[in-house]
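Peer 1: prediction below, plus the sequence it came from.
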Amino acid sequence: MWEIIQSGGPMMVPLIACAILALAYSIERLWIFKQLPTPEEAQTELDRLENALRNGGKQAVVEECNQGRGLLNYVFASLLKRYDTLMIEQREFKATNEEIIRLAEAGGGQQVSRFMVMQRQLADLKDELVLQTEVAARAYLGKNLAILNTIGNISPLLGLLGTIMGMIIAFESIATAGAGDPKVVAGGISQALVTTASGLIVAIPTIVVYRYLARQADHLLEDAEMYGHAFANALITAGQRQQYGTTE
C-alpha cells in the first residue's frame, strides 16, 4: 500500500489530507445529527425555556441557554440575541412612529392609526425572528457540509492534476531516453493512474455522504423551525406583556 501511495507522487499529499478531512467531518456531522433531541425532548426543552421566560424574564432564559447545548439551545440563544437587537432598533424609531401616529390621529385616524402601527411593528418583529430561526438552524445543521462538498468537488481535479504531472514525467523520460524501454515511462504512467484513482476514491464516497447529510439537514430544519417559531412567539408575548404591564 505504501509503495502505491509513493508511486502517486506529490499530489498524493493533498489527496490524503482531503480523505482525512472528509472522514473526520462526516463522522462529526453524523454524531451531531445522532445527538439531536427527539420530539418529546424538544418539547420538554421548549416548555422549560418558556417557563423560565414567564417566571424569570429574559435573563433567566439567557442563564438556561448558557448552561445548555445542542441545536435547539443554539437556535433559542440566537433568537434571544436577535430579539434584543430588534428591541433596540424599535426604541430608536419610537419617536418616528409616534410622529406618524400623531399625524394620523390629526387626520381623523384616532386609535386605529396607533393600532395599525403596533400591528406593523409586531409583524416585522415576527418576520425577523422567523428569518433568524432559519438562519441559526441552517448554520448549526449545515456546519462543515460546505467543506465536504468542496472536498468532493476538488478531489477529482487534484487527481487530474496528478495525472497530467505523471504524463509530463513520462514524456520527459521518452524525450531523454527514447521509447524503447517500457521502464522509462512506467514511473510517470504509474503516477498518472494512481492519482486519478485516488481522486475518485476520495470524491465518490464524500459526495454520497454529503448528499445524505444535506438531505438529513433539510428534514431536521423543519423540526427546528417549528420549535423556534414557538419560542419566538413566546418572546414576543412576554415582551408585549412587559411593555404594557399586563399579567396572565
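Peer 2: The structure has been received and is ready for your questions.
Peer 1: so where do the helices sit in the chain?
Peer 2: 2-7, 12-34, 39-67, 71-92, 94-106, 111-141, 145-177, 183-244 (DSSP state H).
Peer 1: list the buried residues for the fourth one?
Peer 2: Going back to what we said before, that points to helix 71-92. By neighbour count with 16 or more other C-beta atoms under 10 Å, helix 71-92 contains the buried residues 71-80, 82-83, 86. Every residue, glycine included, has its C-beta placed from N, CA and C.
Peer 1: tell me the angle of that helix relative to helix 39-67?
Peer 2: 60 degrees (axes from the mean of the first three to the mean of the last three C-alpha atoms, to 10 degrees).
Peer 1: what's helix 71-92 packed up against?
Peer 2: In terms of contacts (3 or more C-beta pairs under 8 Å, 6 or more residues apart in numbering; DSSP states H and E), helix 71-92 is packed against helix 39-67, helix 111-141, helix 183-244.
Peer 1: could you dump the ones you listed to JSON lines with mean neighbour count and distance to L160?
Peer 2: Shown next, in JSON lines, are the helices and strands packed on helix 71-92 (neighbours: other C-beta atoms under 10 Å; distance: least, C-beta to C-beta, whole Å):
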{"stretch": "helix 39-67", "mean neighbour count": "15", "distance to L160": "45"}
{"stretch": "helix 111-141", "mean neighbour count": "16", "distance to L160": "32"}
{"stretch": "helix 183-244", "mean neighbour count": "18", "distance to L160": "7"}
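Peer 1: closest to I151 out of the ones you listed?
Peer 2: I151 sits nearest to helix 183-244 of all the helices and strands packed on helix 71-92, at 5.2 Å, using C-beta to C-beta.
Peer 1: low-confidence ranges in the chain?
Peer 2: 1-8, 92-119, 170-191, 242-248 (pLDDT under 70).
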